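# Provided below are the primary sequence and the corresponding predicted coordinates.
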Amino acid sequence: MEFSGQYLKYEEYRGLGGTLDQLPFNLLEFEARRKIDERTWQRLQNAEVIPQAVKLCMYHLINKIYEYIDETDKQNRNVASENIDGYSVSYISGSQITEVMNAKNSELNDIIRTYLLGVVVNGEHIMYLGVE
């Protein structure tokens with residue numbers, strides 16, 4: 001499968017200290033790119049040169065998304081607690097799942113804001129929302 005339009009190339013990712021293999025990197029790069037495009041109204045899609053701040057943002061987003069996936073794989077998604085002696089299992093509620101997802105999305109948005117606020121591409125602030 002061909003991955004085009006990447007904001008961070010695999011070689012750049014490895015040069016920054018990334019440890020993922022190429023296929024997982026490509027999948028996570030795509031997901032991180034979608035998050036950035038959502039917050040920047042796709043202002044980077046036609047950029048001839050991707051700024052360093054965007055590449056660093058991508059690196060941190062990829063690592064954070066991978067960390068979330070790794071955490072999820074290590075634990076059962078719906079189990080809040082277990083008691084072996086009396087065999088009891090408590091499950092997290094839908095509202096708790098929503099809280100966790102909102103916290104993770106907020107963390108990803110904070111990364112995007114930290115790296116991309118003030119970045120200008122083609123004479124336009126990529127995070128500009130039309131309000132001054």
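Received it, and whenever you're ready, just let me know what you need.
# switch to C-alpha atoms for all contacts and neighbour counts from now on
OK.
# any idea how far Glu48 lies from Tyr7?
Separation of Glu48 from Tyr7 (Cα to Cα, to the nearest Å): 11 Å.
# If you count surrounding residues, which of these two has more?
Tyr7 (25 against 9; other Cα atoms under 10 Å).
# Apart from its chain neighbours, what residue comes closest to the residue nearest to the spatial centre of the chain?
By Cα atoms, centre = their mean, the chain has its centre lying nearest to Leu61, at 3.6 Å. Once flanking residues are discounted, Leu61 sits nearest to Ala32: 5.9 Å by Cα to Cα, 6 or more residues apart in numbering.
# Next, the buried residues of the strand or helix carrying the one you found.
Per DSSP states H and E, Ala32 falls inside helix 22-40. Using 16 or more other Cα atoms under 10 Å as the test for burial, helix 22-40 gives 25-26, 28-33, 35-37, 39-40.
# go on, stretch 117-128?
For stretch 117-128, by 16+ other Cα under 10 Å, it's Val119, Val121, Ile126, Met127, Tyr128.
# who does Ser88 bridge with?
Asn83 (DSSP bridges).
# From the rest of the structure, what touches the following helix or strand past the helix holding Ala32?
If you walk from helix 22-40 toward the C-terminus, the next helix or strand you reach (DSSP H and E) is helix 52-74. For helix 52-74, the surrounding residues in contact (Cα atoms under 8 Å, 6 or more residues apart in numbering) are 7-8, 13, 16, 18, 25, 28-29, 32-33, 108, 111-112, 115-116, 119.
# Stretch 26-46 too?
3, 5-8, 10, 50, 58, 61-62, 65-66, 112, 121, 126-128.
# Tell me where the model's unsure across this structure.
72-81, 89-94, 96-97, 131-132 (pLDDT under 70).
# Tyr10 touches Leu23, doesn't it?
No - taking contacts as Cα atoms under 8 Å, Tyr10 lies outside contact range of Leu23: 9.5 Å.
# Looking at the buried residues of helix 22-40, which is nearest Val100?
Lys35 (17.7 Å; Cα to Cα).
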